[in-house]
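Peer 1: quick one, structure for this:
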Amino acid sequence: SYMICSMLSHRVTPLRPTLSSLKVKENLASIENLRAKVKAKLLCNEQVIYEDSGEVLFKKDALSGIVIFQLSSQVAKDTYKKYIIELDLIPSMDEDSLVEYLTKYPNMTGLFAKMINQYVLKVSPTKDVKDIAHTIKHLRFNVLENLEFKNAQVTAGGINISEVKDTMESKYHTNLYFLGEVLDVDGICGGYNLHFAFASAYVAALDIINKESGK
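Peer 2: Numbering: from 1, shown residues only. Purely as a prediction, here's the structure:
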């Protein structure tokens, strides 16, 4: 459909998978299929550009879960930048309180699944409780790319909205309408993409009805 649009003189912005898992540089095989409730931040050049809270699912070479899908919507806007995901594995506890807890329970008793405990200890710079606490609150992963389109819920990119009227009709071709995901419009999780698909179809249908009734 995008090729046909291009043939009809419409500009198609680059297509990218979004609302998807994010592939990372780190090897997560030891914690594959484990989950954690986190606060997640997406950083670019050490600046936080997006953050959200939710459950993350660890894959052997990727991060997944709704909270990661939200971050992926920001990555899809500019895939050429270098991104880092930072997870706070215990959002409810500040770093000083965590240091106190780890001083009493150095084996991280009761905090996470055993394999997550071991992963944290492995990537912590030292076994000092301050370093471990910092790692738990700032666990970082280097984003490589979004996964394939087959694993994405939405396609970012598409027909440039500047080439479409408010009625969803093409500015170049009468009676040609563009709806939903074919347009360069995408939102985060929460039903926004489905809502736009329904809303754009409704607007186009009204315009077609008005045209027909005005004949």
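Peer 1: so where do the helices sit in the protein?
Peer 2: Secondary structure of the chain (DSSP state H): helices located at 2-7, 66-75, 95-104, 114-123, 129-137, 192-213.
Peer 1: could you dump those into JSON lines with mean pLDDT added?
Peer 2: Below are the helices of the chain laid out as JSON lines (pLDDT from 0 to 100):
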{"stretch": "helix 2-7", "mean pLDDT": "67"}
{"stretch": "helix 66-75", "mean pLDDT": "92"}
{"stretch": "helix 95-104", "mean pLDDT": "94"}
{"stretch": "helix 114-123", "mean pLDDT": "95"}
{"stretch": "helix 129-137", "mean pLDDT": "96"}
{"stretch": "helix 192-213", "mean pLDDT": "92"}
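Peer 1: winner for burial among those helices?
Peer 2: Across the helices of the chain, the average number of neighbours (mean count of other Cβ atoms under 10 Å) peaks for helix 66-75, which reaches a mean of 23. Every residue, glycine included, has its C-beta placed from N, CA and C.
Peer 1: how far off centre is it?
Peer 2: Averaged C-alpha coordinates place helix 66-75 at 1 Å from its chain's average position (Cα atoms, centre = their mean, to the nearest Å).
Peer 1: hmm, who's touching it?
Peer 2: The set of residues external to helix 66-75 that reach it, using Cβ atoms under 8 Å, 6 or more residues apart in numbering, is 17-22, 38, 40, 42, 49-50, 52-57, 83, 85, 143, 146, 152-154, 156, 186-189.
Peer 1: can you list the strands that the longest strand seen in the chain pairs with?
Peer 2: The strand spanning the most residues in the chain, taking DSSP state E as the definition, is strand 47-58. Sheet pairing of strand 47-58 (DSSP bridges) gives strand 35-44 (antiparallel), strand 62-64 (antiparallel).
Peer 1: got the ones you listed as JSON lines, with distance to Thr13, mean pLDDT and mean neighbour count columns?
Peer 2: What follows is these, written out as JSON lines (distance: least, Cβ to Cβ, whole Å; pLDDT from 0 to 100; neighbours: other Cβ atoms under 10 Å):
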{"stretch": "strand 35-44", "distance to Thr13": "20", "mean pLDDT": "97", "mean neighbour count": "19"}
{"stretch": "strand 62-64", "distance to Thr13": "25", "mean pLDDT": "95", "mean neighbour count": "22"}
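Peer 1: rebuild the helices of the chain as CSV, extending it with distance to Glu169.
Peer 2: Shown next, in CSV, are the helices of the chain (distance: least, Cβ to Cβ, whole Å):
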stretch, distance to Glu169
helix 2-7, 14
helix 66-75, 27
helix 95-104, 55
helix 114-123, 53
helix 129-137, 51
helix 192-213, 6
